[in-house]
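**Student:** Got a sequence here, can you build the structure:
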Amino acid sequence: MPTGREPEMHEMWCGADTSGEPVWHVLTPDKTSTLCGVEKQEESPRRHSTDRHCFSCMKTFQTVVASR
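**Tutor:** Residues are numbered from 1 along each chain as shown. Model (predicted):
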């Protein structure tokens, strides 16, 4: 039975960093933008070939998880 206290789910999205290189961002629960403030756009198939992550998103995600 749901308690109303279930954690919000965050998904990953592969987008560009400030230099245009592909990185994995963490999406907000509404999936319209990232935790670092980048607006989500359509993904390019080639972008899935990275193992790099957005440092700002990961730092914010760590703070969100630690606060629960």
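**Student:** where along this protein do the strands fall?
**Tutor:** In the chain, the strands defined using DSSP state E lie at 12-16, 22-26.
**Student:** Out of the ones you listed, which one sits most buried?
**Tutor:** With neighbours taken as mean count of other CB atoms under 10 Å, these reach their highest mean count in strand 22-26, at a mean of 21. C-beta: built from backbone N, CA, C; applies to glycine.
**Student:** now for it, which elements pack on it?
**Tutor:** With contacts taken as 3 or more CB pairs under 8 Å, 6 or more residues apart in numbering; DSSP states H and E, strand 22-26 sits against strand 12-16, helix 55-66.
**Student:** Return the helix or strand in this protein with minimum mean pLDDT.
**Tutor:** strand 12-16 (a mean of 90; mean pLDDT, DSSP states H and E).
**Student:** Pick out the residue nearest the middle of the protein.
**Tutor:** residue 26 (0.9 Å; CA atoms, centre = their mean).
**Student:** beta partners for that one?
**Tutor:** residue 12 (DSSP bridges).
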